[in-house]
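Asker: Sequence and predicted structure are below.
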Amino acid sequence: MAFLSTSKFKSSLNLLCNTDMKLTYKICRAVAMQLIEDKPLSDILPEEKQNQLIETYEIDNAKFSSLQGFLIFIFRQAIFHGMKPVSLSAHLQESEVPEEIAELICKVYTEAAPEINDRLREWSLNAHPGVTDVEWQTGVGLSSSLCEKSMESTCMLTMYTDDGKQQTFAVGVDELRSLKTKLDIAARQLGRVVKG
């Protein structure tokens, strides 16, 4: 998976390539801390410090914010796809990020990825109630308010969550196949995050 080369990506990449490497490193570190601590950039890099960097490196606020957003995008994509630093560097270079900049981003990513993964894992585990049990039955619906057509194969799923609630719904064969495919993808992605 290389980063999609959209016009916005190219514009942000051009800005990144024309930014002093020291500033890129400082913003990279701030972005990593922002993701680890799940706080706004102003808590990690106070406005006074941002203004000092903007003045020192002669960059305007809009460009500074664009760089921050671009680097957050890169870090989140890398973590979402479970990229190793070598793979991230290759994908960045394939997307025309100069090797020197790719290596700088990967250096910060290498240091921060385990902590960011821990934060994302903690967030995802606490964000939604867990499914504790699933019951299902298959059959052919002759006529029901849950089935639009008669003689349609259906599956009735009942999901129980750890907050004591249950939800029952009917799905057709095609929807069930689609659900299975999406659950397989989610399981693989969660496996990557858990392995870190």
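Answerer: Nice, thanks for sending it over.
Asker: Please name every helix or strand in contact with the helix or strand containing Lys182.
Answerer: When elements are assigned from DSSP states H and E, Lys182 belongs to helix 173-195. Applying 3 or more Cβ pairs under 8 Å, 6 or more residues apart in numbering; DSSP states H and E, we find helix 173-195 packed against helix 99-127, strand 152-161. Just so you know, the C-beta spots here come from the backbone N, C-alpha and C atoms, and that holds for glycine as well.
Asker: Return the angle between stretch directions for it and strand 152-161.
Answerer: Relative orientation of helix 173-195 versus strand 152-161 (axes from the mean of the first three to the mean of the last three Cα atoms, to 10 degrees): 30 degrees.
Asker: how about low-confidence regions in this structure?
Answerer: 1-5, 120-129, 140-152, 194-196 (pLDDT under 70).
Asker: Check the burial of Asp163 by counting its neighbours.
Answerer: 9 (other Cβ atoms under 10 Å).
Asker: Same question for the one 10 residues further on.
Answerer: Neighbourhood size, Val173 [other Cβ under 10 Å]: 12.
Asker: Apart from its neighbours in sequence, what residue is nearest Phe70?
Answerer: Ser12 (3.9 Å; Cβ to Cβ, 6 or more residues apart in numbering).
Asker: my guess is that neighbour meets Ile72, correct?
Answerer: No - with contact defined as Cβ atoms under 8 Å, Ser12 does not count as touching Ile72 (10.9 Å).
Asker: For the two, indicate the residue with more neighbours.
Answerer: Neighbour totals were compared for Ser12 and Ile72, and Ser12 leads with 19 against 16 (other Cβ under 10 Å).
Asker: returning to that earlier point: return the set of buried residues in the helix holding Lys182.
Answerer: Leu176 (16 or more other Cβ atoms under 10 Å).
Asker: can you list the domain ranges for the chain.
Answerer: Domains of the chain are assigned by automatic domain parsing as 7-126, 131-195.
Asker: Highest mean neighbour count out of the ones you listed?
Answerer: The highest average neighbour count among the domains of the chain, using mean count of other Cβ atoms under 10 Å, belongs to domain 7-126 at a mean of 16.
Asker: ok now the strand or helix carrying Ser66, how far from the chain's centre?
Answerer: Element membership of Ser66, judged by DSSP H and E, is helix 61-80. Offset of helix 61-80 from its chain centre (Cα atoms, centre = their mean, to the nearest Å): 12 Å.
Asker: Tell me which other helices or strands it touches.
Answerer: Applying 3+ Cβ pairs under 8 Å, 6+ apart, one finds that helix 61-80 contacts helix 7-17, helix 21-37, helix 47-56, helix 85-94, helix 99-127.
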